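Visitor: sequence below, structure please.
(6 chains)
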4 protein chains.
Amino acid sequence: MFVNGKKDIFTQTKNGMKKKFTDKQLKILDVAEELIAKKGFDGTSVRDISAKANINVAMISYYFGSKEKMLAYLYQYRVLRTRESFAEFAQTIREGKPEMQMKEIIKFIVNQMFKYNYFHAFVKQEVRHTDLVKDELVEFYRTATDKIDEVIKKGVASAVFHQTPKAEDVLTIIIGTAVFAIRNKVFYEVYLPGDEADFLKNAEQKVKASNYQTIFSLLGYQPEG
Amino acid sequence: MFVNGKKDIFTQTKNGMKKKFTDKQLKILDVAEELIAKKGFDGTSVRDISAKANINVAMISYYFGSKEKMLAYLYQYRVLRTRESFAEFAQTIREGKPEMQMKEIIKFIVNQMFKYNYFHAFVKQEVRHTDLVKDELVEFYRTATDKIDEVIKKGVASAVFHQTPKAEDVLTIIIGTAVFAIRNKVFYEVYLPGDEADFLKNAEQKVKASNYQTIFSLLGYQPEG
Amino acid sequence: MFVNGKKDIFTQTKNGMKKKFTDKQLKILDVAEELIAKKGFDGTSVRDISAKANINVAMISYYFGSKEKMLAYLYQYRVLRTRESFAEFAQTIREGKPEMQMKEIIKFIVNQMFKYNYFHAFVKQEVRHTDLVKDELVEFYRTATDKIDEVIKKGVASAVFHQTPKAEDVLTIIIGTAVFAIRNKVFYEVYLPGDEADFLKNAEQKVKASNYQTIFSLLGYQPEG
Amino acid sequence: MFVNGKKDIFTQTKNGMKKKFTDKQLKILDVAEELIAKKGFDGTSVRDISAKANINVAMISYYFGSKEKMLAYLYQYRVLRTRESFAEFAQTIREGKPEMQMKEIIKFIVNQMFKYNYFHAFVKQEVRHTDLVKDELVEFYRTATDKIDEVIKKGVASAVFHQTPKAEDVLTIIIGTAVFAIRNKVFYEVYLPGDEADFLKNAEQKVKASNYQTIFSLLGYQPEG
DNA sequence: GATGAATGAGCATTCATTCAT
DNA sequence: TATGAATGAATGCTCATTCAT
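Guide: All right, here's what the predicted structure looks like:
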């Protein structure tokens, strides 16, 4: 009945979640994500979403079963894509030196946070629904800490890193600072060049730079040789 | 008509905000804070609040003008108290060594975040209403960065710190990591001893410890000697 | 909160049902009864009811909790009144001869059916909700059969009745014929004098006359000596 | 366009009603009858019907024009069959004695009521739609009263009946008691042997037995000789 | 000041029906 | 003939707020 369509963009098997979204359904999810991030789940009515997505109100129930279930699909969809994306990314840095790998990890995570800041904004925001996404998100965090841990160990082994901060602390710093920057624009923009329109772009650069400094400092990084 | 009462607990002059809250009004604000942090602003009805606070539904409109305005009072009330509290705190560390001062700053900020985690949770959460509190909050951030900056400079001058990270980056790390820990219990508790009930207490310790390490590493701290 | 008011018309203690209805609440119940009898429960919207009763839509939920609960109150209210009314009636015929008592019973029951034909129409009609009223209604039926039984026995003892039909069959005939007449106007009115406007009045007379004949025939009634 | 198909089961000429139903259409009518009897017309959605009948939702509008018109077809279909069935039955008792004929009439009518209790339940129930079926049903009642009248006259002529109750009163008793029994299970089953599962079977027997007694009593029946 | 009743706007959802294929 | 997507109207209900006292 619902959650099938013509174009496959998304595939998942667990949790009884259906597999495919049509363009129209994805349009709804995109619009919903944006509005929910701005106004909260309760503050966003299905009429708001349907108006902005140019679809009939009834379609949200029709496609997803309910507004709440739509949110569940949205959560799972975004988190799964983030995890898939991280897995792909992890492949691309398989061969590099630890310091390059760490830098890339920081870059990747901060980039994801800013790219999907709508989503990450409301994941943090929607306290009541966090359980929907908790497991998926935590699994992503684990994958990230595993990778971070591996890189730290390798760096220590090859004597470019001289300290072993905990992987979860490293991840906490990266994500925590990114989210803080995104959510505290008024405070943050004072420290940024350019005008307001470029805020996200500039903030992302600053967060990355800051994180390189912080994390490498924590690692006791000494360039080889 | 409203927002005045018998007992003065709170005084403020700007923004046309009235000055005094009665016990009953403070009770409402406390209950509202807790419920809003748990269920969001829209997810919390004035009936929920009035039931839990044992007052009549009509009183919220009556006292504060509207539910939205009540939130504004709540924001301002909490932020102002945080700023006052920081000012007091700043006095207490006036005489110490830079490394002790920095440690106390970290301790104080993390402590505030956990103590008022309800509040800070929903400040981050209620995107739509952030403008209500923005100026106040940013002013607090400024006060904090000024102090941090002062301590860094003093530490460099006295040669216990050998690097000069930006004050806003330091603050970003402290607040960002604290908020992340609070909001990601499921991920975080794996790294903590003790049971779930002690989560906040243990998480606070871990965040403090991690921040000492991070910030001091960034400062290139070398104990005098 | 709801189902209390100023004027007491109705009192009941069991089932956790509240005790008193205000005039406004009774107005709603009356209107609801009429509309539901005409158009069914699902066919009657709370907007229909509130429009006809000249009250705000929200009041139905406010007073009764929900549309469904309103129906439950209506059921219990009407059935209880019927039972109370029967108990009173039973007192008034305590002293009479069995044949007079039986006639009065028939008259009373048929009268109630026609008087509250709206209600009895939809009790029969609302299959899905019958459980709400089943126990109460059955208890009324029992009271009636007990009384019928008593009268039959007395009549047999005093040799005015010479047969002993089952009390439940007697009740079934009385109620069954009354309901049939009410619900089959088009068929029934052919056999009645007067015009359509008097249908209920005339039908009631016919049903009573027919029942006197039937029941007394079943009882083998022979006027005394 | 609609209401015609491959297999003819049903033929009628009046009211502009089309004549034939396909197997699929009959399946829909059967399912609809059952569901409507259980949950009412408004309580039964076309989706419920189509799901249970394994057809597409759109087919009901497509076949019958609308949900309401489907009900009209259902009414007319059932009533016509009942009338046809009664006509056939009338033939089979043409030659018997009046007392046997009357007994068979009671048996037949009660049997029909219980056999099509779904249908008769909702004919009584769906007040709003009764006009759809009124004329047809009344015509059936007339046929029945005519036959009852004929039998009474014959019995009186042959001196087995000694009273002349009105035919419409006799019919009213038969149908009224049958419907009452069907619709008041909880009250009625106390007087029946066997368990709940056999309710309809046992109730039918009791209603028949009771009606034999009542009607023959009314007729002043005296076995010949 | 304080209350319970009352209001009207808004909500998510379900509905029978129609459309496009 | 038959379908699944799509529609717009209506549903019961909850909401913050205001009214009358």
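
Visitor: looking at chain A, which helix or strand does the model trust least?
Guide: helix A:117-125 (a mean of 65; mean pLDDT, DSSP states H and E).

Visitor: please pull up the helix or strand immediately following that one.
Guide: Going down the chain from helix A:117-125, the next helix or strand is helix A:130-157, by DSSP states H and E.

Visitor: quick check, residue A:180 in contact with residue B:174.
Guide: No - here residue A:180 does not reach residue B:174: they are 9.5 Å apart, not a contact under C-beta atoms under 8 Å. Where you see a C-beta, it was placed from the backbone N, CA and C, and this is true even at glycine.

Visitor: which one's more surrounded, those two?
Guide: Shown here are residue A:180 and residue B:174; by other C-beta atoms under 10 Å in any protein chain shown, residue B:174 has more neighbours (27 against 24).

Visitor: compute the inter-axis angle for the one helix or strand the more buried one maps to and helix A:130-157.
Guide: Using DSSP H and E, residue B:174 falls within helix B:167-183. Per axes from the mean of the first three to the mean of the last three C-alpha atoms, to 10 degrees, the angle that helix B:167-183 makes with helix A:130-157 is 130 degrees.

Visitor: helices or strands up against helix B:167-183?
Guide: Applying 3 or more C-beta pairs under 8 Å, 6 or more residues apart in numbering or on different chains; DSSP states H and E, one finds that helix B:167-183 contacts helix A:167-183, helix A:199-219, helix B:98-115, helix B:117-125, helix B:130-157, helix B:199-218.

Visitor: following that helix in sequence, what is the next regular element?
Guide: Elements were assigned by DSSP H and E; along the chain past helix B:167-183, the next helix or strand is helix B:185-188.

Visitor: how about that next one: buried residues?
Guide: By neighbour count with 16 or more other C-beta atoms under 10 Å in any protein chain shown, helix B:185-188 contains the buried residues B:185, B:187-188.

Visitor: how about residues contacting stretch A:156-174?
Guide: The contact list for stretch A:156-174, computed with C-beta atoms under 8 Å, 6 or more residues apart in numbering or on different chains, reads A:97-99, A:105-106, A:109-110, A:141, A:144-146, A:148-149, A:152-153, A:155, A:211, A:214-215, A:218-224, B:173, B:176-177, B:180-181, B:187-188, B:191, B:210, B:213-214, B:217.

Visitor: show me how far it is from its chain's centre.
Guide: Chain-centre distance of stretch A:156-174: 21 Å, with C-alpha atoms, centre = their mean, to the nearest Å.

Visitor: next, the distance between the ends of that stretch.
Guide: Chord length of stretch A:156-174, first to last residue, is 20 Å (C-alpha to C-alpha, to the nearest Å).

Visitor: let me know the average pLDDT across that stretch.
Guide: Stretch A:156-174 shows a mean pLDDT of 96.

Visitor: next: stretch A:31-45.
Guide: Rounded mean pLDDT across stretch A:31-45 is 88.

Visitor: worst average pLDDT in the helices and strands packed on helix B:167-183?
Guide: Among the helices and strands packed on helix B:167-183, helix B:117-125 scores lowest, with a mean of 64.

Visitor: just to revisit the earlier point, report the inter-axis angle for the helix holding residue B:174 versus helix B:199-218.
Guide: 160 degrees.

Visitor: now helix B:167-183 and helix B:98-115, what's the angle there?
Guide: On the basis of the same axes, to 10 degrees, helix B:167-183 is oriented at 40 degrees to helix B:98-115.

Visitor: how close does residue A:154 get to residue A:109?
Guide: Going from residue A:154 to residue A:109 by C-beta to C-beta, to the nearest Å gives 18 Å.

Visitor: so these two - more neighbours on which side?
Guide: The neighbour count for residue A:154 versus residue A:109, taken as other C-beta under 10 Å, is higher for residue A:109 (22 against 16).

Visitor: closest to residue B:78 out of the helices and strands packed on helix B:167-183?
Guide: With C-beta to C-beta as the measure, helix B:117-125 is the member of the helices and strands packed on helix B:167-183 nearest residue B:78 (4.9 Å).

Visitor: list the contacts for residue A:28?
Guide: A:49-50, A:53, A:55, A:59-60, A:63-64, A:70.

Visitor: of those residues, which are in range of chain B?
Guide: Filtering the contacts of residue A:28 for neighbours of chain B using C-beta under 8 Å from any C-beta of the partner chain leaves an empty set.

Visitor: near DNA strand E, which of those show up?
Guide: residue A:60 (C-beta under 7 Å from any atom of the strand).
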